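Undergrad: Quick one: sequence and predicted model below, then my questions.
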Amino acid sequence: MPNILISACLLGINCRYDGKNCLNEKVLKLREYANIIPICPEQMGGLSTPRVPGEIVGNKILSKSGDNLTDNYNNGANIALKIAQINNCKYALLKQKSPSCGCGLIYDGSFSGKLIGGDGNTTKLLKENGIMCFNDEEIEKLLKLLIDKY
């Protein structure tokens, strides 16, 4: 079975900025077809849980209170990539909208709740290194790929 990186919050781990999770029962079905490797790049980058939310603003990631968190997010993204490489992960399932794991949609940097097309910094790094990334709205698509391929 293939190894897949998965945003830990989707598995029910309380690691989101608000100290909660976003458990998705459909994600648990992936265990039948893949080995799941949970990651939270924000925690791995040294951020606490809970934490002030962050958004991508230009080429930085800032907290809502104005702190520059770019180094934390970049460190976490690099650790996530190393974990993916060590475990020969070809796929990742990531939480949409996050400045780290966002895959397809992220907040626009105004802290107003407005969404734009784009990827978080971890997702960008994974994609740049050949890892196929899916968001939590694409679980069925990933399941089909796994069933067809493995």
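TA: It's in.
Undergrad: Okay, buried residues for stretch 125-136 please.
TA: Buried positions in stretch 125-136, judged by neighbour count with 16 or more other CB atoms under 10 Å: Leu125, Leu126, Ile131, Cys133, Phe134, Asn135, Asp136. C-beta: built from backbone N, CA, C; applies to glycine.
Undergrad: pLDDT score assigned to the last one?
TA: Going back to what we said before, that points to Asp136. pLDDT for Asp136: 95.
Undergrad: ok, now the first one?
TA: Per-residue pLDDT puts Leu125 at 98.
Undergrad: All further residue positions should be reported with the first residue as 44.
TA: Sure, I'll start counting at 44 from here, so that last one is Leu168.
Undergrad: what are the ranges of the helices in this protein?
TA: Counting by DSSP state H, the chain has these helices, from start to end: 68-72, 84-87, 113-129, 164-171, 182-192.
Undergrad: In a markdown table, list the ones you listed along with distance to Ile47.
TA: As requested, those are exported to a markdown table (distance: least, CB to CB, whole Å):
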| stretch | distance to Ile47 |
| --- | --- |
| helix 68-72 | 10 |
| helix 84-87 | 15 |
| helix 113-129 | 9 |
| helix 164-171 | 11 |
| helix 182-192 | 8 |
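Undergrad: most tightly surrounded among those?
TA: Mean neighbour count, computed with mean count of other CB atoms under 10 Å, is highest for helix 84-87 among these, reaching a mean of 26.
Undergrad: sorry, back to before: format the buried residues of stretch 168-179 as a markdown table; extra columns: distance to Gln128.
TA: Below are those laid out as a markdown table (distance: CB to CB, whole Å):
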| residue | distance to Gln128 |
| --- | --- |
| Leu168 | 11 |
| Leu169 | 10 |
| Ile174 | 9 |
| Cys176 | 15 |
| Phe177 | 18 |
| Asn178 | 21 |
| Asp179 | 23 |
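Undergrad: among those residues, which are in strands?
TA: Among the buried residues of stretch 168-179, the residues falling in strands (DSSP state E) are Cys176, Phe177, Asn178.
Undergrad: for the closest residue to the second one other than its chain neighbours, what are its contacts?
TA: With CB to CB, 6 or more residues apart in numbering as the criterion, Phe177 has its nearest non-adjacent residue at 4.6 Å, and that residue is Leu185. Neighbour list for Leu185: Ile47, Leu73, Tyr134, Leu136, Phe177 [criterion: CB atoms under 8 Å, 6 or more residues apart in numbering].
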